[in-house]
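Undergrad: sequence below, structure please.
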Amino acid sequence: MAKRPNFLFVITDQHRADHLGCYGNGIVRTPHIDALAHAGFRAERCYVASPICMPNRASIMTGRMPSTHGVRHNGIELSLDETVFVERLRAAGYATALVGKSHLQNIHGAPAQWPRDPQDRLAIEARRRGPGRYGQELETAWERNPEHDLELPYYGFERADLTIMHADLQHGHWRRWLRRQVKDADKLLGPENAIPTPEIELAKCRQAWRTRVPEELYPNAWITDRTIAALRDFARADQPFFLQCSYPDPHHPFTPPGKYWSLYSPDDVPAPRSFAAPHRGLAPHMQWLYAHRAAGTAVKHIQQLFACTEREAREAIALNYGTIAQIDDGVGRIMAELARLGIAEDTVVIFTSDHGDYLGDHQLLLKGPIHYEGLVRVPFIWRDPTGPQSRVSDALLQSTDFAPTILARAGVAPFNGMHGRSLLPLLAGERDAVRDELLIEEEGQRTYLGFESRVRTRSLVTPTHRISLYDGVAWGELYDRRNDPDELANLWDDAGARTLRGELCERLARAMIAHAETSPYPSAIA
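TA: Numbering: from 1, shown residues only. Predicted structure coming up:
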């Protein structure tokens, strides 16, 4: 029997594909991640199942769309009844470990934002969580109870070093470790304790601050260290492993530590091409965002997207690049340790992210229910010692494909209800395409952007077009990405595009049917 491969799965958070050198970015320096791409396979067109943390991370774990695994938006915990690929690996004899961010259960205890009036919420749910312990990632639980910890195995992970939240305000195992390293560690954290940066516009809305946490104690460095420690433990055991190294960055707020804060200057990074480019057929939700910026009423201090100034966009990009540089340095250290331990040639290394960020595209910042390319397209790199080198594909891939591909490479059977497809034939050069189109789902929590209810979106991406429909309104978005790669001309109301719009709407409807639930199989009839 051939030796089963190890897997090192590196995932970042809110990291758009084109913010890597190997994806054509000529400013940010990512030599270690680029080396993975050069030594393996790189997907040019890998998309999320949903551009929100919890739904897409649950889709990565299950190979299923949010409408079927149930994590439609943040705050809905992945049922412990759901089958996850990590547990399948564990059952097949793999050692498993998680280092860094999980976000498969709720991290906030905030009540539902919709319906607006709590009196309108029904007491009985149509769908209930499966049995088991939930609320394990709540930041308040970690702070209130020093004995609180994950119940292992946790979604298939036998060991875990957990971080919760973002920037330098993370909780979980990292915060407890930091407090053991530094007296009064909490006085290093947050915008109130930050090094003053009056020149930074984003600091005024608490979306960036210069942290006092030293580089070597920052969560990204800790995650790198703990990943290396796990590799050393696994190298001593005669057992294949799956190790997930999950960086919570470069997600906002932007707080790159030490030298990474000033590694890139806002004055030296350009705004995206779409920032100043003229738009045609601008959709109403974009008009709403621009109007609030013009009126000075844009909400900038929370998680939701907003229309930004060019200076804010440049600051965000520069600080984002600094954080990515720290992550790339961590990847370099991890890959060097793989080689030193003598297990690099036995280990498949995967690099990806859970979703992107507008970062100035179309004058927007952060993320939201507008499926521009920078938000929904993520990096996907597969470095397999037995696989292709320096291969690039334009095939349409999706985050639901990761689970079946890893299972196939491990020789473990997939499970019923998965929407993703094994990429092994594509990786081996046996196929040029995986699918003709893909579906992106988004269920919002907030009522904003001019909608009367919470924003609900479905998009279809084809090799040449993107169409997006919104619940409760008659308008939508349609872009010819072959001739308009920056998505500047919305063709939804163009008379010449009516036939195309109808065809794509039909394809979207058929894609939604194809992604409906198929598990479990119907029971036998006596």
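
Undergrad: count of neighbours near the residue nearest to residue 38 when sequence neighbours are not counted?
TA: Distances taken as CB to CB, 6 or more residues apart in numbering place residue 390 nearest to residue 38, at 5.5 Å, with adjacent residues excluded. No exception for glycine: its C-beta is placed from N, CA and C like everyone else's. Other residues near residue 390 come to 10 when the count uses other CB atoms under 10 Å.

Undergrad: then residue 433?
TA: By other CB under 10 Å, neighbour count at residue 433 equals 12.

Undergrad: and it, which of the three is it?
TA: Following DSSP: H, G, I helix; E, B strand; the rest coil, the label given to residue 433 is coil.

Undergrad: ok so, going back, I figured the residue nearest to residue 38 hits residue 35, correct?
TA: No - at 10.8 Å, residue 390 does not count as touching residue 35 under the criterion of CB atoms under 8 Å.

Undergrad: list the contacts for residue 428?
TA: Contact partners of residue 428, counting by CB atoms under 8 Å, 6 or more residues apart in numbering, are 387-388.

Undergrad: please apply the same query to the one 3 residues further on.
TA: Remark: with contacts taken as CB under 8 Å, 6+ apart, residue 431 is in contact with 395, 425.

Undergrad: swap the cut-off to 10 Å and go again
TA: By CB atoms under 10 Å, 6 or more residues apart in numbering, the contact set of residue 431 is 393, 395, 423-425.

Undergrad: narrow those to those in helices?
TA: If you go by DSSP state H, the contacts of residue 431 have 424-425 in helices.

Undergrad: can you list the contacts of residue 431 in TSV and add pLDDT and neighbour count?
TA: Below are the contacts of residue 431 laid out as TSV (pLDDT from 0 to 100; neighbours: other CB atoms under 10 Å):
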residue	pLDDT	neighbour count
393	97	22
395	98	17
423	98	25
424	97	17
425	96	13
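
Undergrad: list the buried residues in the biggest helix by length in the chain.
TA: Among the segments of the chain that qualify as a helix by DSSP H, the longest is helix 310-341. Within helix 310-341, the residues that qualify as buried are 312-335, 337-338, 341, counting by 16 or more other CB atoms under 10 Å.

Undergrad: which helices and strands does it pack with?
TA: strand 6-12, helix 31-38, helix 201-204, helix 219-235, strand 241-246, helix 273-276, strand 347-353, strand 364-365 (3 or more CB pairs under 10 Å, 6 or more residues apart in numbering; DSSP states H and E).

Undergrad: one more time with 7 Å, if that's ok
TA: helix 31-38, helix 201-204, helix 219-235, strand 364-365 (3 or more CB pairs under 7 Å, 6 or more residues apart in numbering; DSSP states H and E).

Undergrad: which residues in the stretch 151-300 of the chain form strands?
TA: Ranges of strands in the stretch 151-300 of the chain, per DSSP state E, counting those that start in this stretch, are 159-164, 171-172, 241-246.

Undergrad: would you mind finding the most buried of those?
TA: Compared across those, strand 241-246 shows the largest average neighbour count, a mean of 25 (mean count of other CB atoms under 10 Å).

Undergrad: centroid-nearest residue for the protein?
TA: For the chain, residue 354 is the residue whose C-alpha lies nearest the centre (CA atoms, centre = their mean; 1.3 Å).

Undergrad: next one: stretch 28-43 to chain centre, how far?
TA: 18 Å (CA atoms, centre = their mean, to the nearest Å).

Undergrad: flag every buried residue along it.
TA: 28-30, 32-37, 39-43.

Undergrad: tell me the mean pLDDT over that stretch?
TA: Per-residue pLDDT over stretch 28-43 has a mean of 98.

Undergrad: ok, residues contacting that stretch?
TA: With CB atoms under 7 Å, 6 or more residues apart in numbering as the test, stretch 28-43 has contacts from 19-22, 321, 324-325, 328, 331-332, 335, 349, 351, 380-384, 387-393, 397, 427.

Undergrad: is it possible to get JSON lines of the buried residues of stretch 28-43 that adds distance to residue 119?
TA: Shown next, in JSON lines, are those (distance: CB to CB, whole Å):
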{"residue": "28", "distance to residue 119": "49"}
{"residue": "29", "distance to residue 119": "54"}
{"residue": "30", "distance to residue 119": "51"}
{"residue": "32", "distance to residue 119": "54"}
{"residue": "33", "distance to residue 119": "50"}
{"residue": "34", "distance to residue 119": "55"}
{"residue": "35", "distance to residue 119": "57"}
{"residue": "36", "distance to residue 119": "53"}
{"residue": "37", "distance to residue 119": "53"}
{"residue": "39", "distance to residue 119": "58"}
{"residue": "40", "distance to residue 119": "55"}
{"residue": "41", "distance to residue 119": "53"}
{"residue": "42", "distance to residue 119": "52"}
{"residue": "43", "distance to residue 119": "47"}
